[in-house]
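Engineer: here is my input, please return the structure:
(chains A and B)
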Amino acid sequence: MASPKPRVKVPKKASQGEVITIKTLISHPMESGQRKDKKSGELIPRQIINKFTCEFNGQVVFSCDMDPAVSANPYVEFSAKVNEPGTFKFTWVDDDGSVYETEKKIAVE
Amino acid sequence: MTITRRQLFGLTAGAATVLAFNPKMSFAAADETDAAIKAFTGGAEPAAGTVSLDTPEIAENGNTVPVGVSVDSPMTADSFVESVLILADGNPSPAVATFHFTAMSGVAEAKTRIRLAKTQNVIAVAKMNDGSTYIDRKEVKVTIGGCGG
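Structural biologist: Below you'll find the model as predicted:
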């Protein structure tokens, strides 16, 4: 499996107090643990991203616990209120303990 | 046994792709869904309204069903939505996802894409910071199931 690649869409700038929409997607198979290997007939072990967190300047804005019923390449859309310029930090936690991170800056005009 | 189950699910889903279903898969019972709601609300019976689910009426592909949830709340430090639990009562395991909001979220809205095994109810339960809970449920018709394979 290729390393999951996060993609995040955040507006470059916002006016103070504006509520912006953030769209995130990460490439990940989200193996549910329900599927069987077609050849051997054995269950493919579960491997999903179980936690997603978005922080703004170190403070949690939004987080999401995921279960196997979330689709492959999990897509999450949510909003955030921007009162000051800063950095959004996005974190995904895999079942195997890997952590995928990305950051986006936003300016306030 | 195996064949009957397959046929049953195939008919329920109205799909010809019966083979997509895993015969050993056990589907979540309604009481499992109720238990999940109870665990989330702390035993309280959630009221209707305030929270609204946005789901398609018919999902052609159960592997990716867009689901949106929005909660009517001012989202200030005093009054905001703490979390929203999404359940699917016909999946092998009813839990789908839990969104956690904060006062910094601005509005309590989130969207994601989920897997649905068959035609079933999608349920959203919202918990406010004062402890009150609200529920909404919508039926989604699924043409091709989205688990196993």
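
Engineer: residue of chain B closest to chain A, please.
Structural biologist: Proximity of chain B to chain A (Cβ to the nearest Cβ) peaks at B:Gly106, 3.4 Å away. The C-beta positions use only the backbone N, C-alpha and C, and glycine is treated the same way.

Engineer: residues contacting stretch A:52-62, please?
Structural biologist: Stretch A:52-62 has contacts (Cβ atoms under 8 Å, 6 or more residues apart in numbering or on different chains) with A:22, A:24, A:63-64, A:66, A:74, A:76, A:78, A:80, A:82, A:84, A:86-93, B:99-102, B:104-105, B:110.

Engineer: who are the contact partners of the residue of chain B closest to chain A?
Structural biologist: B:Gly106 neighbours (Cβ under 8 Å, 6+ apart): A:19-20, A:79-81, B:75.

Engineer: again with B:Asn63
Structural biologist: B:Asn63 sits next to A:71-72, B:115, B:144, B:146 when contact means Cβ under 8 Å, 6+ apart.

Engineer: show me which residues of chain A are close to chain B?
Structural biologist: A:19-20, A:32, A:34-36, A:56, A:59-72, A:74-81 (Cβ under 8 Å from any Cβ of the partner chain).

Engineer: rerun at 7 Å
Structural biologist: Within chain A, the positions lying close to chain B (Cβ under 7 Å from any Cβ of the partner chain) are A:19, A:32, A:34-36, A:56, A:59-71, A:74-81.

Engineer: relative to A:Pro85, how far out is the closest residue to A:Glu101 other than its chain neighbours?
Structural biologist: Spatial nearest neighbour of A:Glu101, chain neighbours left out: A:Thr91 (5.3 Å); criterion: Cβ to Cβ, 6 or more residues apart in numbering or on different chains. Separation of A:Thr91 from A:Pro85 (Cβ to Cβ, to the nearest Å): 21 Å.

Engineer: how about A:Ile106?
Structural biologist: 6 Å.

Engineer: which residue ranges of chain B form strands?
Structural biologist: Per DSSP state E, chain B has strands spanning B:47-48, B:51-54, B:58-61, B:65-71, B:81-88, B:95-101, B:108-114, B:120-128, B:133-144. These are given in chain order.
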